[in-house]
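1. sequence first, predicted coordinates after that:
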Amino acid sequence: MPVNIDSYKKISEELASNNVTLVAVSKTKSTEEILELYNLGQRDFGENYVQELVEKHEKLPKDIRWHFIGHLQSNKVKLIAPFISMIHSVDSFKLLKEINKQALSNSRIIDCLLQVYIAKEETKFGLSEDEVKKILNEIDDTQILRNISIKGFMGMASFTDNLQVVKQEFKFLKALYDQYSQSSHHSSLTILSMGMSADYELAIEEGSNMVRIGSLLFGKRN
């Protein structure tokens, strides 16, 4: 499938005017397709699979900011730690500690988002409200995780045509984000990553400042 250049230009202009970052979800897409968007100025790309991401990073320009947006296993962190720009899918303290360890061994600080469970579906990963609180408190108290920077929250809404359900889920995450980002302790929390191809406009209305869009740019997945 060719890249939908008109759609990309329209969406990127719309997002830029709202100060929203576009992460182009490029999983299963070829390096040629990614380069097409790169040549139009896109620099943030999101991948779900570690091996695929490592291969693409080796072949593509080094100023691409790679976002890992899939479920990440602790034993795979070391493969992406040398170059990853941001990990969106942190869903346990164990994973945070591993990211910190691998960031330290690469002399880097890795930006992370805490993935919060907001959907009504059993299949989605993420932290509960209590777990978010616990992790943020633990980071504050211990000061041990010096090689990670928690930049905000990420959430995936339910896969449903009922926009009212999706809207409520986004509202919940925005309220949680406001609760923490507006406290003096957590001034580093500046990113609320929610919204994908089907619901990004609603997500922006509800306060998202980073969206993850794939099929509207690249067509249906390969």
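-> Yep, that arrived. Numbers count the residues shown, from 1 in each chain.

2. only C-alpha atoms for contact and neighbour calcs from this point on.
-> Fine.

3. and for the closest residue to Ser74 other than its chain neighbours, the neighbour number?
-> Nearest residue to Ser74, sequence neighbours excluded (CA to CA, 6 or more residues apart in numbering): Leu95, at 5.5 Å. Leu95 has 17 neighbouring residues, counting by other CA atoms under 10 Å.

4. got a pLDDT number for Lys120?
-> Looking at Lys120, its pLDDT reads 77.

5. confidence score at the residue nearest in space to the middle of the chain?
-> Nearest to the mean C-alpha position of the chain, counting by CA atoms, centre = their mean, stands His88 at 3.5 Å. You'll see His88 listed with a pLDDT of 97.

6. worst-scoring helix or strand of this structure, pLDDT-wise?
-> helix 129-142 (a mean of 87; mean pLDDT, DSSP states H and E).

7. give me the contacts around it.
-> Phe93, Leu114, Val116, Leu145, Leu176 (CA atoms under 8 Å, 6 or more residues apart in numbering).

8. pull out the buried positions in that helix.
-> Glu131, Val132, Ile135, Leu136, Ile139 (16 or more other CA atoms under 10 Å).

9. and that helix, how far out from the chain's middle?
-> The gap between where helix 129-142 is centred and where its chain is centred comes out at 20 Å by CA atoms, centre = their mean, to the nearest Å.

10. check the gap between the residue nearest to the centre of the chain and Glu47 for me.
-> 10 Å (CA to CA, to the nearest Å).

11. hang on, the earlier thing: reformat the buried residues of helix 129-142 as JSON lines; add distance to Ala203.
-> Listed next are these as JSON lines, based on distance: CA to CA, whole Å:
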{"residue": "Glu131", "distance to Ala203": "23"}
{"residue": "Val132", "distance to Ala203": "21"}
{"residue": "Ile135", "distance to Ala203": "25"}
{"residue": "Leu136", "distance to Ala203": "24"}
{"residue": "Ile139", "distance to Ala203": "28"}
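
12. just give me the closest of the residues you listed to Glu36.
-> Val132 (37.9 Å; CA to CA).

13. confidence score at Asn222?
-> pLDDT at Asn222 comes out at 51.

14. go on, Val3?
-> Reported pLDDT for Val3: 92.
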